[in-house]
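Novice: Structure for this input, please:
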Amino acid sequence: MRRSLGTALLVFVLAACGGKTVDISRVPELPEISVDELSGVLAGSAQPVVLNVWASWCVPCRSEAPLLEKAATTTDDVTFIGLNVRDDQTGARSFIAEFFPEAPIDHYRDPGGDIPVGLGGNRGVPLTYFFAPHGELIELHSGVIDERTLALQIDEISSR
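Specialist: Alright, predicted model coming up:
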């Protein structure tokens, strides 16, 4: 009986983890970027930047993605950048196809996951950085971001 229950539980968990298949053909490959290159992008931005660090296998990243997609679609004068860490191209592109298919977010890839540390964060995901125009770090939020915190931080970087 115990073995049957364990097998049934394993089947249930695996079924729940199996996501729907998404078409990634319209999602271009993500360019790899270094910390120096990304720092240059941030420094060269005349607009404030919201930089979200995510991974396709990260359940909290999946839970906050719809909020970030909505903010990127409805917020003017703020640049949104997604930084995928420790994923292959297929996983990263699948995540974008599922959660950000039309969102105006520039996506990059950091296969080693080193950039967040280079920007003052850690190796955990999700992370959300808020930069004033020209790359001044204003705030770093670790973990899932909620709507109120996202709105307050966007207001903060937009007022600089």
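Novice: C-alpha only now, for contacts and for neighbours.
Specialist: Will do.
Novice: Might you list the low-confidence residue ranges for this protein?
Specialist: 1-20 (pLDDT under 70).
Novice: the strands in it, which residues?
Specialist: 49-54, 79-85, 105-110, 127-131, 137-142 (DSSP state E).
Novice: TSV for those, including mean neighbour count and distance to residue 69?
Specialist: Rendered in TSV, the data for the strands of the chain read as follows (neighbours: other Cα atoms under 10 Å; distance: least, Cα to Cα, whole Å):
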stretch	mean neighbour count	distance to residue 69
strand 49-54	26	11
strand 79-85	24	9
strand 105-110	20	8
strand 127-131	24	13
strand 137-142	16	17
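Novice: Dump the ones you listed into TSV; add distance to residue 119 as well.
Specialist: Formatted as TSV, those follow (distance: least, Cα to Cα, whole Å):
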stretch	distance to residue 119
strand 49-54	11
strand 79-85	12
strand 105-110	13
strand 127-131	9
strand 137-142	9
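Novice: out of the ones you listed, nearest to residue 24?
Specialist: Nearest to residue 24 among the strands of the chain is strand 105-110; the distance by Cα to Cα comes to 14.2 Å.
Novice: For residue 36, give its distance to residue 118.
Specialist: Residue 36 is 9 Å from residue 118, where distance means Cα to Cα, to the nearest Å.
Novice: Same check on residue 87?
Specialist: 18 Å.
Novice: Comparing the two, which residue is more hemmed in?
Specialist: residue 87 (18 against 13; other Cα atoms under 10 Å).
Novice: wouldn't that one be in contact with residue 95 here?
Specialist: No - Residue 87 lies out of contact with residue 95 (Cα atoms under 8 Å); the separation is 10.2 Å.
Novice: now residue 145, nearest residue through space, not along the chain?
Specialist: Nearest residue to residue 145, sequence neighbours excluded (Cα to Cα, 6 or more residues apart in numbering): residue 64, at 6.5 Å.
Novice: which ones are touching that neighbour?
Specialist: Listed by Cα atoms under 8 Å, 6 or more residues apart in numbering, the contact partners of residue 64 are 144, 145, 146.
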